[in-house]
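Asker: Make a model of this:
(chains A and B)
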Amino acid sequence: DARVTQTPRHKVTEMGQEVTMRCQPILGHNTVFWYRQTMMQGLELLAYFRNRAPLDDSGMPKDRFSAEMPDATLATLKIQPSEPRDSAVYFCASGLARQAKQETQYFGPGTRLLVL
Amino acid sequence: QKEVEQDPGPLSVPEGAIVSLNCTYSNSAFQYFMWYRQYSRKGPELLMYTYSSGNKEDGRFTAQVDKSSKYISLFIRDSQPSDSATYLCAMTHTGGFKTIFGAGTRLFVKA
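Answerer: Numbering: from 1, shown residues only, chains lettered A, B, ... in the order given. As a prediction, the model looks like this:
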């Protein structure tokens, strides 16, 4: 049963600390998405990778957030320095894009982040 | 105005009721329409996927798209307590990768 995995599942940290979240996409998928979910804003797209290349990170605060895909099996989202307003659930999703069509996205279980 | 509008609810119904969930949107370029179900403390999972206008049925679930009105619906027949979750509509346009999600409607089905 192929699934997207995310670590850690929960993270509590203090303001100013660096936070790194990791995602393992489903084997064979060529697209990876990072989303943030809050009660106020709902599900927001932060970054999108296709074949490991970042295609869109316009949803990310550039001064503190960064996203990378060191290899096809790992995507990372870093926040440095973290702020209380970053508290949210961060989801990674992977999928398969064929030509111009994005297929279904499969979501991971999320990382629940609390910044004190 | 948001591109996708969805009433957050909550919506509470008795077991066995027919549930109707809806979204409106403003971007006429949207061609792919999806409904995701999200249980508490879990990631969203795809429930229904529809291309362009029309109906699609899968068991107790029916998705409808009315592009002329920019309105999509999800119907759940014979609702069960296990259907209690948040339902998010989502859409994207041809050639696009960016999926726009609605705020999600929280549904409670009472036994």
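
Asker: which residues touch residue 12?
Answerer: Defaulting to chain A. A:Leu114, A:Leu116 (C-beta atoms under 8 Å, 6 or more residues apart in numbering or on different chains). Glycine gets a C-beta too; all of them are placed from N, C-alpha and C.

Asker: Actually, chain B is the one I wanted.
Answerer: B:Leu107, B:Phe108, B:Lys110.

Asker: Which one of the residues in chain A is closest to chain B?
Answerer: Relative to chain B, the nearest point of chain A is A:Phe107 (3.3 Å; C-beta to the nearest C-beta).

Asker: burial measure for that residue, as a count.
Answerer: The number of residues packed around A:Phe107, counting by other C-beta atoms under 10 Å in any protein chain shown, is 23.

Asker: Contact partners for it?
Answerer: Applying C-beta under 8 Å, 6+ apart to A:Phe107 gives the contacts A:Val4, A:Tyr35, A:Phe91, A:Cys92, A:Ala93, B:Gly43, B:Pro44, B:Glu45.

Asker: JSON lines for these, including neighbour count?
Answerer: Putting the contacts of A:Phe107 into JSON lines (neighbours: other C-beta atoms under 10 Å in any protein chain shown) gives the following:
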{"residue": "A:Val4", "neighbour count": "24"}
{"residue": "A:Tyr35", "neighbour count": "26"}
{"residue": "A:Phe91", "neighbour count": "25"}
{"residue": "A:Cys92", "neighbour count": "30"}
{"residue": "A:Ala93", "neighbour count": "25"}
{"residue": "B:Gly43", "neighbour count": "22"}
{"residue": "B:Pro44", "neighbour count": "27"}
{"residue": "B:Glu45", "neighbour count": "14"}
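
Asker: What is the nearest of those residues to B:Ala90?
Answerer: B:Pro44 (8.3 Å; C-beta to C-beta).

Asker: Skipping adjacent residues, who's closest to B:Thr94 in space?
Answerer: B:Gln31 (4.7 Å; C-beta to C-beta, 6 or more residues apart in numbering or on different chains).

Asker: What parts of chain B come near chain A?
Answerer: Applying C-beta under 8 Å from any C-beta of the partner chain, we find that chain B lies next to chain A at B:34, B:41-46, B:49, B:88, B:92, B:94-99, B:101-104.

Asker: Any of the residues you listed buried? List them.
Answerer: For these, burial is judged from neighbour counts taken by 16 or more other C-beta atoms under 10 Å in any protein chain shown, and it is met by B:34, B:43-44, B:49, B:88, B:92, B:96-97, B:99, B:101-104.
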